[in-house]
Structures are given as structure tokens and as C-alpha cells.
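Undergrad: Sequence first, then the predicted structure:
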Amino acid sequence: MSRKAEADRPDIYARITDRIVKDLEHGVRPWLKPWSAASTSGRITRPLRHNGLPYSGMNVLLLWSEQMSRGFASPTWMTFRQSLELGAAVRKGETGSTVVFASRFTRSEVDGNGGEIDREIPFLKAYSVFNVEQIDGLPESYYAPVAEVIDPVERIENADRFFRNTGATIRHGGNQAYYSPVTDHIQMPPFKAFRDAAGYAAVLAHETTHWTAREDRVGRDLSRYAKDRTDRAREELIAELGSCFLCADLGIAPELEPRPDHASYLQSWLSVLSDDRRAIFHAAAHAQRAVAFLHSLQPEADELKRVA
């Protein structure tokens, strides 16, 4: 990796984090924009690559933000080169949107004994993609609606089945929703306490993301959650993002109305992101791993493994 590339790396983290901090300072949780935008119609999905595969982690947040701010209805994106390979062309004057690619490079260093050791250094590479609405000449299928709106009853049945397949212990009672690492169970208020079935499923998505933390699942350390405000803020950010990713996958809306404790979390997130420009990237990566784990517990995931 060149010296210039190394110098540019922090700028990627800072530039993206500054955009998110600006939204949070105005009381806006940017990862909820796809659902709260007045112009949104149809089903919310994750952003999609040119081959139909969904983006993951931080790129979901980046492209959701771009889609909303620039008014794109299509969730599909591709690079300039990919558009050319499909016989199409990005329209003159169009500007791309930033996505990132995480990788590692190996650097030789001298250890305390004078010997050489190889050290793996993580880095981010930024590149540009274009929404299909910025491109002319693509096959007609790229301009067709990507996802149909599923019947609300079927949507809730799918979500219920998804959470049931995780095997998580879910108890009902009281007026708080939380995950207890000590007893390894999710506590939910009675169903009637929620505005509707989708609201119940959205809160359960948040708590189920917490549930993935145990060592034999994805292994996030919650030992300081109750004692350390910063650790709690980081874990709550992971659960927020995990819930949004999962809600998009299940076709339901996340918690659009903040809980009473979210005002304090908002300030905590601002503090965390201001102190650590990589925090949102780490949170998105943890959220992605949590949601991928939950998907791996579904029967269709086993079926795909047998077919592969």
C-alpha cells in the first residue's frame, strides 16, 4: 500500500462519521431514513449490487443515505466499469456515491529480538458506485421494481417464523423489552402493549440482535454493559443497526418512535462517534455478523448448504 493510500485512510473514516454525527446532532437516526422518508413507497430492501446480491454492513447505511438524499427509487447500484460491461453508460455529469471495501495487507516489522515478523494491517478502500437511475442502456430488468410489497399478514407470519426458528427463549410480561445475558432470555412486554404486530416484531428484532452476543453465537462481550456507559452505547448501536438490517430483510419497519431511553443513547452515540471515528464501522460490522448468524439458523440456510 502506498504512503498516500495510508494517509487517506483516516479521511474515509472521518468523512463518513462526520456525516452521521451531523444527523445525530439534529436528533435524526440516519439509519432510519428509508422508512421515515415521506416519498418512500413499496417495500424497503437493502441496497443491491449489479448481480442482485445485497450490500452488507457499513455500505447499507451509506447507500440508504444516498438513496434518500438523492431521491432514487431503485435500490440497485454498480460501478462505472460494471455498467460498461453490461453495454450501458453512466450519464454525463452524474456523480457517484461512496462505498467502502475492507481488506488487509501484510507489512514486515522488526521485533524486539531484531527478527522480522509479518503483521496484518486492516484498511478501507473507498470507491464509487452509481444508482441504475443514473445509467442509460441497461437491460430492462434493471429498471423494473425489485421487490413486491408482501401482504401484511404474510409479512408478520414470516417474521414470527423467523424468530421462532432462532430458538431464542422469549418471555412476556412487565413493561420493558430487554435481553438478559445471565438467564439468556429475551423479555418482551405483552403483545397488546405494542401499536401493532409489526411494532412487536421490530422491538423483538432489536432484542434478538442482543441475544446473538453470547460466546457460542457471535461472541460480543457484554460483561461491562451494565457498568460502562460507553460499552452500553456501543452495544445499543449494534442492536439498532442489526434491527434495521433485519427489518429490511423481513419487510417490516424498525422502531421509528424512540424509546424513553433513546434520548440518552443519542448523546452517548454522539460521544462515542466523536471520540472514535471507526466506531460506526465496527458497529455496522458487528450488526452484520449478528444478522448473518440469525439467518444461518433458518431452515432454508441448511437447505442451501446441502445443495451447495
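TA: On my side now, so go ahead. Because the structure is predicted, anything quoted here is derived from the model rather than measured. Residues are numbered from 1 along each chain as shown.

Undergrad: Check residue 152 and give its pLDDT.
TA: Confidence at residue 152, expressed as pLDDT, is 78.

Undergrad: give the contact list for it.
TA: Taking Cβ atoms under 8 Å, 6 or more residues apart in numbering as the criterion, residue 152 is in contact with residue 198. Placement of C-beta: from N, CA and C, glycine included.

Undergrad: and it, how far is that from residue 250?
TA: From residue 152 across to residue 250, the span is 12 Å (Cβ to Cβ, to the nearest Å).

Undergrad: same thing with residue 238?
TA: Plainly put, residue 238 is 18 Å away from residue 250 if you go by Cβ to Cβ.

Undergrad: So between the two, which is more surrounded?
TA: Neighbours were counted for residue 238 and for residue 250 using other Cβ atoms under 10 Å; residue 238 has more, 24 against 21.

Undergrad: who are the neighbours in contact with the more buried one?
TA: Going by Cβ under 8 Å, 6+ apart, residue 238 touches 209, 220, 283, 286, 287, 290.

Undergrad: Filter these down to just the ones in helices.
TA: Secondary structure assignment (DSSP state H) places 209, 283, 286, 287, 290 from the contacts of residue 238 within helices.

Undergrad: and the nearest residue to residue 36 once chain neighbours are set aside, what does it touch?
TA: Leaving out its chain neighbours, the residue that sits closest to residue 36 by Cβ to Cβ, 6 or more residues apart in numbering is residue 256, at 6.0 Å. Taking Cβ under 8 Å, 6+ apart as the criterion, residue 256 is in contact with 32, 35, 36.

Undergrad: Am I right that residue 256 sits in a strand?
TA: No: membership of residue 256 in a strand is not supported by DSSP: H, G, I helix; E, B strand; the rest coil, which gives coil.

Undergrad: got the contact list for the residue nearest to residue 125 when sequence neighbours are not counted?
TA: By the measure of Cβ to Cβ, 6+ apart, the closest residue to residue 125 outside its immediate chain neighbours is residue 101, 4.6 Å from it. Listed by Cβ under 8 Å, 6+ apart, the contact set of residue 101 reads 124, 125, 126, 127.
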